[in-house]
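**Q** need a structure here:
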Amino acid sequence: MEGGASRPAEIYAARGCRAECGNCVPGVVCMLREIRDARRAVMAAARRAVMTTEAAACH
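**A** Residues are numbered from 1 along each chain as shown. I've put the predicted structure just below:
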């Protein structure tokens, strides 16, 4: 994810490996979703903080 990977194949390619049997793919997909959701939560919190700061500056 750090390098912009968003698909399991991109993760495997970045690590120089490949999914041979597919058993690890669901775990990789789960990790990708968790990272995506965490980043969205951080961005939402940052937006709220900026809006709060801007609102306080207007008063």
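**Q** pull the longest helix from this structure.
**A** helix 25-58 (DSSP state H).
**Q** tell me what it is packed against?
**A** Applying 3 or more CB pairs under 8 Å, 6 or more residues apart in numbering; DSSP states H and E, we find helix 25-58 packed against helix 8-15. C-betas here are computed from N, CA, C, even on glycine.
**Q** from the contact counts, what lies against the helix it packs on?
**A** For helix 8-15, the contact count by 3+ CB pairs under 8 Å, 6+ apart identifies helix 25-58 as packing neighbours.
**Q** what comes up buried for the helix it packs on?
**A** Using 16 or more other CB atoms under 10 Å as the burial criterion, the residues of helix 25-58 that qualify are 28, 32.
**Q** what angle do that helix and helix 8-15 make?
**A** Taking axes from the mean of the first three to the mean of the last three CA atoms, to 10 degrees, one finds that helix 25-58 is oriented at 90 degrees with respect to helix 8-15.
**Q** residue 49 and residue 8, how far apart?
**A** Using CB to CB, to the nearest Å, one gets 33 Å for the distance from residue 49 to residue 8.
**Q** could you do residue 33 as well?
**A** Residue 33 sits at a distance of 11 Å from residue 8 (criterion: CB to CB).
**Q** ditto for residue 28
**A** From residue 28 to residue 8 the distance is 5 Å (CB to CB).
**Q** common neighbours of the two, please.
**A** With CB atoms under 8 Å, 6 or more residues apart in numbering applied, the overlap between the contact sets of residue 28 and residue 8 consists of residue 19.
**Q** distance of the residue nearest to the spatial centre of the chain relative to residue 44?
**A** The residue lying closest to the centre of the chain (CA atoms, centre = their mean) is residue 36, at 2.6 Å. Remark: distance between residue 36 and residue 44 (CB to CB) = 13 Å.
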